[in-house]
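> Can you look at this prediction? I've put the sequence above it.
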Amino acid sequence: MSGHRSVGRLLRENAVILLFLVVTVLAIHPSGLSLTYIGQEMLTRLGRDSFLVLALLLPIYAGMGLNFGMTLGAMAGQFGLILAINYNILGVYGLVFAALASLPVSLVMGYICGVVLNKAKGREMVTGYILAFFINGIYQFVVLYLMGSVIPMHNKAIVLSRGYGIRNTLNLDNVRLSLDNLLPFHLGVFTLPIATYLVIAALCVFIIWFKKTKLGQDMRAVGHDMHVAESAGVPVDRTRIIAIIISTVLATIGQIIFMQNMGNMATYNAHDQTSFFAVAAILVGGASVKKATIPNVFIGVILLHVLFVVSPGAGQKLFGEAMIGEYFRQFIGYGVIALSLVLYAWRTRRETERLREGLRGGAQGAVAAEGGAK
Amino acid sequence: MRSLKAFGAEFGWPRIIIFLFLVALFFAAPTVGVRVDASLSDVFNRFGQNALFVLALVPMIQSGCGLNFGLSLGIIAGLLGATLSVQFGLHGAVGFFGAIVLASPFAMLFGWLYGKLLNKVKGEEMTIAMYVGFASVMFMCIMWLLLPYSAPDMIWGYAGKGLRTTISVENYWIHILNNFGVVAWGPFFRFPTGEILFVAFAAFLMWLFLRTKTGTAMTAVGSNPDYARASGISVDKMRIISVMISTMLGAAGIIVYQQSFGFIQLYGAPLAMPFTAIAAILIGGASVNKANMLNVVVGAFLFQGLLTMTPSVINSALQTDMSEVVRIIVSNGIIIYALTRKTKVTK
């Protein structure tokens, strides 16, 4: 009986990941793609996306939910990349320059995001999401109107013909694949971006170490129960702001890594779906709003991207229309986020109800026992 | 001076600033060669186009479900009604009201399911609503390609199947409300009487509804669920009713929008629509848990006024197209302002 129940529970707790696995496996065959191709894509995409997804971890530890405000960091990263192209700094130096140049912007963005989210406790996610829209307006204002007019641009090739504003698509030739190809490594038919993996590994080590520090412990305390943490002398608001600042800075670096792999940058849209992909990935990997681990990140990136790679082909084969695959993968992405948020909220509610019922049952039992004693 | 401050606190500084900005834009318009009468005409028209969406947010705010970021579900129902109406070849007033009638069962069904879902996730409604809305829009993108529509006006010519991205309603029911009793004044000014009357009628019905027994019960659920439960109101039922009304108004809203705009927009079009409506009602002075008819009218008017006037005036003045950036900053800024305000403890 209890074994049966625990299997049911296991299924329920991993509903998202299992459902996803089934859909993905079913889509692999109709897509007509070889396993070698899919494998190589996964190795590339693990390098491209993992850093961004890892940036979500700290705010989850701090109980702030999924940090949709990470887009702010991505925009800061793009700002840094534009400057790197402007000064035509080549290779890894270009990436480092971009990271350093965007650092102050990223810190300020993170601080703003932290302060705003502190004012919207209990609805951090929706606020973060709208805040990303808001800052997007400011980003567009800066890049489309100030760059070239107020901020001097040396590289005329990236400026619109009207004399100010940055072009719609930027060619990142000077930094393209510079990190991925820094330490070339081949394993059979596969090419591995070892340097990128090392950077990601370093971040994982940092996160594991950080969780053990005083600040990391404080963060978990805040995430567990804000009021208890407050009365235990943990500066709640400050800790939450720090979590968001770190997340934003990591998202900045993550976006720079993402962009060097892509090699092209849609100046005004590249950040639109950053948080969507990252959040979908970590949820597909089995994380929830309150709980996430490093393995969730990697499982999620692989699962989500296998589906993304195979769905256009599968759509073409099954429905005779590649667009269907395109819509399908967006539907799955949004659907997964909705589903895991629903399951999480539902579970929390049931948990509280069960606790309440348990109390009530206990009280009745006590009354009955008392009656029996009389 | 103190009364000015009290007035500011009550009416909200962002609203006053936006109002003054709008007035300034109207005064500046003639100096940069923008016609005031044409602009006013635009503002009225767009007010009528969008007011139903804004009105649709009221019931869910009142019942404590928060801002309806999933309004796209209602919009999808409306799109189904509109496309079916065109598919059946309904014209004129029959086509327009037929679209609303055809949309209603879908809206009721979607609203009911959506309401049930939101009852299971109390406290997390807004984020979930947003993603449920997004996912439904994407699901419908697939459906628009697969559903067996066959009217030649709607499907892709070369493929012979799948609905077009935009479908003109010019031969069906364009401007059916706008041209009803239209008041023209000079070559540029048109007052869309029918559209405004329709909106006014809907707003009046909503105002009446909020004063009925059910309406009062709904408000009670929103302001104090425990008290409402204690007085024998079914909290879940009231919330579902509010979601259904909101979804149905969203469906009617998109059809009103289409008859004025002239096109049915499918696929990704509904994605951003809830956000504009939410920005409008918040500009109008609503908060996450309180809204009234005045908020709707003032908000829709101010926001649409801003959207109409900023492009024309600012672009003519600066010779650049900054309107989109201004729109993004203002509309999202106001939503953040509302989300970060401490919700007042209910009296």
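Perfect, I can see it now.
> what number of residues lie near residue 331?
No chain was given, so I picked chain A. Neighbours of residue A:331 under the rule other C-beta atoms under 10 Å in any protein chain shown: 21. Bear in mind the C-beta positions are built from the backbone N, C-alpha and C, glycine included.
> looking at chain B here, not the other one
Residue B:331: 24 neighbours (other C-beta under 10 Å).
> what does chain A put close to chain B?
Those residues of chain A that sit near chain B, judged by C-beta under 8 Å from any C-beta of the partner chain, are A:65, A:116, A:119-120, A:122-123, A:125-127, A:129-131, A:133-134, A:136-138, A:140-141, A:144-145, A:319, A:321, A:323-324, A:327-328, A:330-331, A:334-335, A:337-338, A:341-342, A:344-346, A:349.
> Now list the buried members of those residues.
A:65, A:116, A:120, A:123, A:125-127, A:129-131, A:133-134, A:136-138, A:140, A:144-145, A:319, A:321, A:323-324, A:327-328, A:330-331, A:334-335, A:337-338, A:341-342, A:344-345, A:349 (16 or more other C-beta atoms under 10 Å in any protein chain shown).
> Give me the subset of those residues lying in helices.
A:116, A:125-127, A:129-131, A:133-134, A:136-138, A:140, A:319, A:323-324, A:327-328, A:330-331, A:334-335, A:337-338, A:341-342, A:344-345, A:349 (DSSP state H).
> Give the closest residue to the residue minimising distance to the centre of chain B in space, chain neighbours not counted.
With distances taken as C-alpha atoms, centre = their mean, residue B:53 lies nearest the centre of chain B, 1.7 Å away. Leaving out its chain neighbours, the residue that sits closest to residue B:53 by C-beta to C-beta, 6 or more residues apart in numbering or on different chains is residue B:277, at 3.8 Å.
> same for the host helix or strand of that neighbour, what does it pack against?
Under the criterion of DSSP states H and E, residue B:277 resides in helix B:273-283. Taking 3 or more C-beta pairs under 8 Å, 6 or more residues apart in numbering or on different chains; DSSP states H and E as contact, the helices and strands that helix B:273-283 lies on are helix B:13-28, helix B:36-56, helix B:72-87, helix B:293-309, helix B:323-340.
> Contacts for the fourth one next, please.
The one in question is helix B:293-309. Under the criterion C-beta atoms under 8 Å, 6 or more residues apart in numbering or on different chains, residues B:15, B:18-19, B:21-22, B:25-26, B:29, B:39, B:42-43, B:46-47, B:49-51, B:54-55, B:58, B:203, B:206-207, B:276, B:279-286, B:327, B:330-331 lie in contact with helix B:293-309.
> Convert the C-alpha atoms of that helix to CSV, please.
Below are the C-alpha coordinates for helix B:293-309, written out as CSV (Å, rounded to 0.1, in the frame of the first residue of the first chain):
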residue,chain,number,x,y,z
MET,B,293,-16.3,52.3,-13.7
LEU,B,294,-14.6,55.7,-13.3
ASN,B,295,-11.2,53.9,-13.3
VAL,B,296,-12.2,52.2,-16.6
VAL,B,297,-13.4,55.3,-18.4
VAL,B,298,-10.6,57.6,-17.2
GLY,B,299,-7.9,54.9,-17.7
ALA,B,300,-9.0,53.9,-21.2
PHE,B,301,-9.3,57.5,-22.2
LEU,B,302,-5.9,58.7,-20.7
PHE,B,303,-4.0,55.7,-22.0
GLN,B,304,-5.5,55.7,-25.5
GLY,B,305,-5.0,59.4,-25.6
LEU,B,306,-1.4,59.0,-24.7
LEU,B,307,-1.0,56.3,-27.3
THR,B,308,-2.6,58.4,-30.0
MET,B,309,-0.9,61.7,-29.2
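> Excluding its own residues, what touches the helix or strand following it? List them.
Using DSSP H and E, the helix or strand that follows helix B:293-309 in sequence is helix B:315-318. The contact list for helix B:315-318 (C-beta under 8 Å, 6+ apart) reads B:28, B:32-34, B:321-323.
> List the residues that contact residue B:67.
Residues in contact with residue B:67 (C-beta under 8 Å, 6+ apart) are B:57, B:60-61, B:126, B:278, B:281-282, B:288, B:335.
> one more time with 6 Å
Residues near residue B:67 by C-beta atoms under 6 Å, 6 or more residues apart in numbering or on different chains: B:126, B:278.
> before we move on, what about residue A:318?
Residue A:318 sits next to residue A:30 when contact means C-beta under 6 Å, 6+ apart.
> If you count neighbours, what's buried in the longest helix along chain B?
The longest helix of chain B (DSSP H) is helix B:92-120. Of the residues in helix B:92-120, B:95-100, B:102-104, B:106-108, B:110-111, B:113-115, B:117-119 count as buried by neighbour count, 16+ other C-beta under 10 Å.
> which residues make contact with the next helix or strand after it from outside it?
Using DSSP H and E, the helix or strand that follows helix B:92-120 in sequence is helix B:125-146. Identification of contacts with helix B:125-146 by C-beta under 6 Å, 6+ apart yields A:125-126, A:321, A:324, A:327, A:330-331, A:334-335, A:337-338, A:341-342, B:65-67, B:69-70, B:72-73, B:76, B:118, B:121, B:162-163, B:266-267, B:270-271.
> One more: stretch B:163-171?
Counting by C-beta under 6 Å, 6+ apart, residues outside stretch B:163-171 touching it are B:144, B:149, B:154, B:156, B:258, B:263-267.
> Does residue A:140 touch residue B:325 like I think?
Yes: taking contacts as C-beta atoms under 6 Å, residue A:140 lies within contact range of residue B:325: 5.1 Å.
> Shouldn't residue B:160 be within a helix?
No: applying DSSP: H, G, I helix; E, B strand; the rest coil, one finds residue B:160 to be coil, outside a helix.
> So what does it have for phi and psi?
Backbone geometry at residue B:160, expressed as degrees, to the nearest 10, gives phi 80, psi 10.
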